[in-house]
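>>> Here is the input, now give the coordinates:
(one chain, ligands or ions: 1)
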Amino acid sequence: MEREKIKGLLEEALREELRVYPQQYEIPALSCTVFPVKGPRRFCLGVWQRESTPLFEGPLFSWQDPEKELFLLVYPFSWKNYLLLAQHLPYLRPVPFDNRPSFGCGDRLGMVSAAHLKALEKFPVFPVVAQQSPRELDKTHRTFSEVLLGAAWGVLESSYRGPFGADADHVKDEKHLLEARDLGYTMYTLDLSDEVDFGVFNLDEKTLLKRFDKLGTRAKEIFNLYRGKEWKLSPEVMVDFSEEKLLPVLLAYLPAIDRVEYFYALLSESVSSFDLEISLDEGPRETSPEAHFFVAEELHRRKIDFHSLAPRFPGRFEKGVEYVGDLEELTLSFQTHATIQKNLTGYRLSLHSGSDKFSVYSSFFRATGGIFHVKTSGTSWLSALETIMKSDPELFRSIYSIAYDTLEENLKAYSLSLDKADFPTGLEKVDDKHLPAFFFQDKVRQMLHIAYGPVLEALGDRLREVLFREEEKHYRKVSGNIEKHLAVLFGESK
Ligand SMILES: [Zn+2]
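I've put the predicted structure just below:
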């Protein structure tokens, strides 16, 4: 039966506009054929089957084709149905990294993984297409399972057959870690910003020594292991653990290392293979070579197999705009951290907030020699807003108003240098044709970037409807933008 006819039939039955995709997945063990069906707010599985008995849970529609003696059933793409389908289509499950560098794309709307995969598969990268932090989950009212479902849906919709990863990003607590673990996430980014005692770096020697005296035997033993040692890692990079350098690093980072050890044990007890990322990027202070070396070496000494480490680099990696800072200083820092990573081996250097940081990519690529992980997230949210700005300027004006009204609240979760006084209160006076020039101002992009929580809460349904209708344009924008990131990263841009 033709796709158009099926679409008409299903739209009438489910009373909404639908997309019926041409992809067909034969499942011999169940004697059925599955195809993706999507509405503005839901994913479904269309299934041609020989018997009328449901093969998946919760059928929404059932119909017998008189010509073929086949039954057509439609099921929600629920977690349970995903697990059942993945038993037969194993490429729907995320897997750990392969040897290629890895690139993560967050999908806050849960609707563009197919577009992400389309861009990522053109480059020699391992794609991570499920990537959300508890902070993002909270703001978007989504769950780890919904995020993974969105990524698996992208695989079905795009006919992608390669591997992909699922990153429980910036996890700080046990609850979220276990939740992601039990759902089958393959990458865990442990955010240690709350565990590192950055205050130590402001203490004088006397206070440091007092703090040292109070440490337990184990911590003192660790201190003795490293004390007075020097590692010359390259002509330029030397790690110096003279007492006065080692002490603050140990006092600051030891609690974080203990925390990683605890989390690692929780993961290892039930997962045999996973990627652990150590995230130091959100602290108030640049990660020193000594801090990087101490954390990585101490984790290795404890037989903790981590696969990626994100230092905090100099300068500012603000959201959705270019890098702010001294590029030469940054390049030097990339080289220093990459030198440590290449000496200690076993993990890749990770760059967070990689959205729109085109000016830093080539030096990052060169420094790491391709052993890296890069994360982007907000840039695809901005691609969605750009699509809306062009297709539905009125909706875009409403989105702007919400972003403006909630700016102070949104700034609590993201440290950006924005001031409400720099923005117009509304966009009524800005003509449609002048909206793009307005949208592409850095400050405006940043304000919209961090407003996804309240915007989705107030206008999520309308936004999804427009993007569903404009899917082709939206996907083209998202893929094109990620491709641009990768082309610059791999040095292919002209
Ligand atoms: Zn980060």
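>>> I'd say Phe439 and Arg445 touch.
Yes: at 7.2 Å, Phe439 and Arg445 qualify as touching, with contact defined as Cβ atoms under 8 Å. Every C-beta, even on glycine, is put in place using the N, C-alpha and C of the backbone.
>>> so how many other residues sit close to the residue in the stretch 51-200 of the chain that the ion sits nearest to?
Proximity of the stretch 51-200 of the chain to the ion (Cβ to the ion) peaks at His170, 5.8 Å away. Burial of His170 is recorded as 23 neighbouring residues (other Cβ atoms under 10 Å).
>>> What of Gly369?
Gly369: 12 surrounding residues under other Cβ under 10 Å.
>>> for it, what are its contacts?
Counting by Cβ atoms under 8 Å, 6 or more residues apart in numbering, Gly369 touches 338, 342.
>>> returning to that earlier point: now do the contacts for the residue of the stretch 51-200 of the chain closest to the ion.
Counting by Cβ under 8 Å, 6+ apart, His170 touches 133-135, 189, 191, 279, 282.
>>> what about the protein, any weak spots by pLDDT?
The model of the chain has pLDDT under 70 over residues 493-494.
>>> Spell out which parts of it neighbour the ion.
Residues of the chain found near the ion (Cβ under 5 Å from the ion) are 281, 352.
>>> In the chain, which residue sits nearest the ion?
His352 (3.1 Å).
>>> Assess the claim that that residue and Lys319 are in contact.
No: the pair His352 and Lys319 does not pass the contact test of Cβ under 8 Å, sitting 10.7 Å apart.
>>> coming back round to it: assign the residue of the stretch 51-200 of the chain closest to the ion to helix, strand or coil.
Three-state call for His170 (DSSP: H, G, I helix; E, B strand; the rest coil): strand.
>>> Tell me which residue is most central in this protein.
The chain has Gln131 as the residue nearest its centroid, 3.1 Å off, counting by Cα atoms, centre = their mean.
>>> ok, what's across the strand from it?
With DSSP bridges as the criterion, Gln131 is bridged to Asp167.
>>> correct me, but it touches Val374?
No: when contacts are counted by Cβ under 8 Å, Gln131 is not listed as touching Val374 (11.1 Å).
>>> Find the residues that touch each one of these two.
Listed as contacting both Gln131 and Val374 by Cβ under 8 Å, 6+ apart are Gly104.
>>> Let me see the contact set for the residue lying closest to Ser234 once chain neighbours are set aside.
Distances taken as Cβ to Cβ, 6 or more residues apart in numbering put Thr339 closest to Ser234, at 4.9 Å, once the chain neighbours are dropped. Applying Cβ under 8 Å, 6+ apart, one finds that Thr339 lies in contact with 233-234, 236-237.
>>> likewise Arg93?
Shown in contact with Arg93 (Cβ under 8 Å, 6+ apart): 86, 152, 184.
>>> can you tell me the helix or strand for Leu45?
Applying DSSP states H and E as the criterion places Leu45 in strand 43-49.
>>> Any idea what the residue nearest to Trp153 when sequence neighbours are not counted is bridged to?
Leaving out its chain neighbours, the residue that sits closest to Trp153 by Cβ to Cβ, 6+ apart is Phe43, at 4.9 Å. Taking DSSP bridges as the rule, Phe43 bridges to Lys38.
>>> going forward can the numbers begin at 431, since that is how I track them
Will do, 431 is the new start, and the previous item becomes Phe473.
>>> Give me the neighbour count for Phe473.
When neighbours are counted by other Cβ under 10 Å, Phe473 registers 22.
>>> can you check Gly755 too?
Residues lying near Gly755 (other Cβ under 10 Å) number 16.
>>> Against Glu441, how distant is it?
Using Cβ to Cβ, to the nearest Å, Gly755 is found at 52 Å from Glu441.
>>> related to what we said a few turns ago, ok, of the contacts of His600, which come out buried?
Buried subset of the contacts of His600 (neighbour count, 16 or more other Cβ atoms under 10 Å): 563-564, 619, 621, 709, 712.
>>> Which of the residues you listed fall within helices?
Among these, the residues falling in helices (DSSP state H) are Pro564.
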